[in-house]
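Asks: need the 3D shape of this:
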Amino acid sequence: MGEIIAIKHPLDAKHCGKISKYTMQFFNEELYEVSKCYNSCLYKKIAINESGSVKNCLALDKEYDVSNGLAEIVYSKEFRQCWSIKKDNIKVCKDCELRYNCIDCRAGHQVDNGSKPVGCNYDPYKLIWNDEHK
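Replies: Next up, the predicted model:
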């Protein structure tokens, strides 16, 4: 049916979505295939925080009312909308040769879903990781 992951430390956008040459998933065939059609981080994810609020991700602000049941949330078009934000539709990412091998955190881009993740330091136009300049 799925996987349940429980974490005990605070999670927010500052700790989410750091993309570097060390976080690439070159040996995860399932992630690669999912990333071609769906968002590599949010697809089929349901997060419930310590106060019982339901979200797509704990680092996102949008909360869903669970009073009518979890199934109603999960099957709603609004909840599933972020699942289809794939790399081929994101500025810069659509030109990146590594786009299907990284996790796409949308938490840093709650306003503009068409932008590259804040935590990504790769420049596909120069073929360099920006951390190499430092």
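Asks: who does residue 47 bridge with?
Replies: residue 55 (DSSP bridges).
Asks: and the pLDDT at it?
Replies: In this model, residue 47 is scored at 88, pLDDT.
Asks: likewise for the one 4 residues further on?
Replies: Note on residue 51: pLDDT of 84.
Asks: check the gap between it and residue 66 for me.
Replies: 11 Å (CB to CB, to the nearest Å). Backbone N, C-alpha and C define where each C-beta goes, glycine included.
Asks: residue ranges for the helices of the chain, please.
Replies: For the chain, helices defined by DSSP state H occupy the ranges 29-37, 70-74, 77-80.
Asks: returning to what we had before: okay, residue 51 and residue 66: which has more neighbours?
Replies: Using other CB atoms under 10 Å as the criterion, residue 51 and residue 66 rank with residue 66 on top: 13 against 6.
Asks: was I right to think the more buried one contacts residue 52?
Replies: Yes. The pair residue 66 and residue 52 passes the contact test of CB atoms under 8 Å, sitting 7.0 Å apart.
Asks: let's have the helices of the chain in TSV, adding mean neighbour count, mean pLDDT and distance to residue 90.
Replies: As requested, these are exported to TSV (neighbours: other CB atoms under 10 Å; pLDDT from 0 to 100; distance: least, CB to CB, whole Å):
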stretch	mean neighbour count	mean pLDDT	distance to residue 90
helix 29-37	14	91	11
helix 70-74	13	93	24
helix 77-80	12	95	18
